[in-house]
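*Asks:* Everything below, folded, please.
(one chain, ligands or ions: 2)
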Amino acid sequence: MKVTILASGSSGNCIHLQSGDTGILIDAGVPKTKIEKRMIEAGINPASDIQAIFITHAHGDHIKGLPLANKWRIPVWASEGEWKNIQAVDDDLRRVMDVGFDMHLFGTFWVRAFPTHHDSYNSLGYVVGWENDGWCSICLDTGKVDAEMLEAMAGSDVYIIESNHEPNMVEASSYPDSVKARVLSDIGHLSNEQTAAALAKLIKGKGERIYLTHLSNNNNMPALAEGTVRRALRQKGFEAGKHYHLEVV
Ligand SMILES: [Zn+2]
Ligand SMILES: [Zn+2]
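*Replies:* Ligands and ions are numbered 1, 2, ... in the order given. A predicted model of the protein is given here:
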């Protein structure tokens, strides 16, 4: 499975997964032309390498580029609640993702959606898998990782997870108190510590690939996010490069 993070962070998120002839996007949170440009730079053909787009939730940094779907006639999946805030997709391309932890077969790949905890209607995380090419869990904006989410993601080969902020940096930032409270709440974003704790429960040391994404520009640093995860996994006896592979995007 080839993972290409086309965009990551508060200014936009877009992930491409490819196995054989099938490719999908998780979120399309930067403008259409930017997605196309980055795809072409990465050797991905927008006309043939996106069979479906799966949306985590309807915040701008995840849906801004959805006119891409109309141009290339790509079906878009999102939860019923999130469709309330998505206007940019033609009616015949809208698909409702049900949230029941069930696996759905999409031609050559499987998808399961699980609820996350965020200040939108029904935000989702996804587990995507190809029978012979492994499983990938995608867990973006969420204020916490609960037992059901861990259960849904367990056993994956690839984890793409947000590591949004360092709480002390949020507290010390110039953000208004209401924004600080939102980011730090149970329906905000994951701190480095929360992400590390979740990964410590998920990683088995079988060579999993971890991508830390959606880092805050103002309230995090790549070295902090990476160090926090490495430390938590070292306590489990796992070393980066040997038992797992870590990339901060
Ligand atoms: Zn969000
Ligand atoms: Zn976001």
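*Asks:* Return the distance of the helix-or-strand element of the chain with minimal mean pLDDT from the chain's centre.
*Replies:* Least confident helix or strand, the chain: strand 104-106 with a mean of 89, by mean pLDDT, DSSP states H and E. For strand 104-106, the separation from the chain centroid amounts to 19 Å (computed by Cα atoms, centre = their mean, to the nearest Å).
*Asks:* Could you do stretch 147-163 as well?
*Replies:* How far stretch 147-163 lies from its chain's middle: 10 Å, per Cα atoms, centre = their mean.
*Asks:* Would it count as contacting ligand 1?
*Replies:* No - figure legend: stretch 147-163 not in contact with ligand 1 (Cβ under 5 Å from the ion); closest approach 9.4 Å. For the C-beta atoms, the positions are set from N, CA and C on the backbone; glycine is no exception.
*Asks:* Would you mind measuring the gap between the ends of that stretch?
*Replies:* Using Cα to Cα, to the nearest Å, the end-to-end distance of stretch 147-163 comes to 18 Å.
*Asks:* All further residue positions should be reported with the first residue as 29.
*Replies:* I'll keep to 29 as the first residue from here, and by that count the last item is stretch 175-191.
*Asks:* Identify each buried residue in it, please.
*Replies:* Neighbour-count burial for stretch 175-191 flags M177, A180, M181, S184, V186, Y187, I188, I189, E190, S191 (criterion: 16 or more other Cβ atoms under 10 Å).
*Asks:* Pick out the most distant pair among these.
*Replies:* A180 and S191 (18.9 Å; Cβ to Cβ).
*Asks:* Which helix runs longest in the chain?
*Replies:* For the chain, the helix that runs over the most residues, judged by DSSP state H, is helix 250-262.
*Asks:* C-terminal to that one, what's the next element?
*Replies:* Note on helix 250-262: by DSSP states H and E, the next helix or strand toward the C-terminus is strand 272-276.
*Asks:* Residues in contact with that next one: which ones?
*Replies:* Strand 272-276 has contacts (Cβ atoms under 8 Å, 6 or more residues apart in numbering) with 191, 231, 233, 235-240, 243, 250, 253-254, 257-258, 261, 266, 268.
*Asks:* Dihedrals phi and psi, R140?
*Replies:* In terms of degrees, to the nearest 10, the main-chain angles of R140 are phi -130, psi 130.
*Asks:* which non-adjacent residue is nearest it?
*Replies:* Distance criterion Cβ to Cβ, 6 or more residues apart in numbering; nearest residue to R140, sequence neighbours excluded, is V155 at 4.5 Å.
*Asks:* go on, G265?
*Replies:* Spatial nearest neighbour of G265, chain neighbours left out: G233 (7.3 Å); criterion: Cβ to Cβ, 6+ apart.
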